[in-house]
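Participant: What shape does this take:
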Amino acid sequence: MAEKVGQSFVQPTPSGKEELGKIEVAAEVIEIVAGIAVNEVEGIAATRGNIATGVVERFGKKVHNKGIKSGVTEHGQITIDVFCSVKYGYSIPKVAKDVQTQIRQAILNMTALETAEVNVHITGIHFEKEETVVPE
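Facilitator: Okay, the predicted model is just below:
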């Protein structure tokens with residue numbers, strides 16, 4: 001994933017509240033919130049990462065924004081792209097819709113920011129490995 005230099009989202013002041021200053025939420029924070037939300041959806045096997053995230057995870061660090069890319073529309077609205085694989089046997093349209101709903105709700109609850117788009121890219125199907133029992 002490309003480095004996001006200086007990209008942030010300005011959080012609106014809630015209605016009826018006095019504005020005390022500007023609140024900015026970094027793009028990485030939005031991606032982490034989305035990444036955690038994706039992993040809570042039943043039927044998601046994994047999110048797609050790159051070589052760097054794979055190496056980091058092998059050393060025991062959890063990468064929550066793996067497979068998530070955030071952006072801004074020309075009108076200043078948030079867009080999210082999710083790259084994930086689905087477990088075999090689950091309905092892909094249902095899982096994708098659940099991912100969209102979960103991400104929108106998590107970002108709204110944690111940052112009070114609306115998302116313009118949540119694009120789900122299914123990159124594969126994950127098959128469960130069958131355990132074979134060797135008779136003694």
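Participant: what about the protein, any weak spots by pLDDT?
Facilitator: 1-8, 11-15, 49-64, 130-136 (pLDDT under 70).
Participant: hey, which helix is longest across it?
Facilitator: Secondary structure of the chain read by DSSP state H shows that its longest helix is helix 92-111.
Participant: Would you mark the buried spots in that helix?
Facilitator: Neighbour-count burial for helix 92-111 flags 95, 96, 98, 99, 100, 102, 103, 104, 106, 107, 111 (criterion: 16 or more other C-beta atoms under 10 Å). (Glycine included, C-beta is placed from N, CA and C.)
Participant: Okay, and the beta partners of residue 118?
Facilitator: Counting by DSSP bridges, residue 118 is bridged to residue 80.
Participant: what's near enough to touch it?
Facilitator: By C-beta atoms under 8 Å, 6 or more residues apart in numbering, the contact set of residue 118 is 34, 79, 80, 82, 99, 100, 103, 104.
Participant: The same query, at a cut-off of 10 Å, please.
Facilitator: By C-beta atoms under 10 Å, 6 or more residues apart in numbering, the residues touching residue 118 are 34, 37-38, 78-82, 96-97, 99-104, 107.
Participant: what inclination does the strand or helix carrying residue 125 have with respect to helix 92-111?
Facilitator: For residue 125, the host element (DSSP states H and E) is strand 115-126. Strand 115-126 runs at 130 degrees relative to helix 92-111, counting by axes from the mean of the first three to the mean of the last three C-alpha atoms, to 10 degrees.
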